[in-house]
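A.B. asks: Predicted model, plus sequence, below.
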Amino acid sequence: MLSLGTEVTLEIDIDPEDRYGRTLAYVILADGWMVNEELLRDGVAVVSVYPPNVQHIERIRGASEEAQLEHTSPARQNRVSR
């Protein structure tokens, strides 16, 4: 997905950390490509919402829904079963 050394921007919403001290951020490339969104589309991530951090919630949920449709579609099932 990303090459070693790729520069990214961590976009912080309202709260920079969750209650366990983990950084909550959107990972953005210079061209606006959001890594979080692509991980969801690829089916290797799940949506976790940490209100009040909801700046990109529609975009994130949309990517998750696309992945769910893709992974359950008959075309996808045929590719997987080969």
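C.D. replies: Thanks, I have the structure now. Numbers count the residues shown, from 1 in each chain.
A.B. asks: Strands along this protein, start to end?
C.D. replies: 9-11, 26-28 (DSSP state E).
A.B. asks: Pick the most buried one from those strands.
C.D. replies: strand 26-28 (a mean of 17; mean count of other CB atoms under 10 Å). (Glycine included, C-beta is placed from N, CA and C.)
A.B. asks: Averaged pLDDT, that strand. What do you get?
C.D. replies: The average pLDDT within strand 26-28 is 96.
A.B. asks: Please shift the residue numbers so they start at 22 in all later answers.
C.D. replies: Shifting the count to begin at 22 puts that one at strand 47-49.
A.B. asks: Return the distance of the closest residue to I35 other than its chain neighbours relative to P37.
C.D. replies: Of all residues not flanking I35 in the chain, P73 sits nearest, at 4.6 Å (CB to CB, 6 or more residues apart in numbering). Remark: distance between P73 and P37 (CB to CB, to the nearest Å) = 12 Å.
A.B. asks: Could you list the low-pLDDT ranges of the chain?
C.D. replies: By pLDDT under 70, the low-scoring segments of the chain are 22, 93-103.
A.B. asks: Repeat the analysis, applying 80 as the threshold.
C.D. replies: The chain contains residues with pLDDT under 80 at 22, 92-103.
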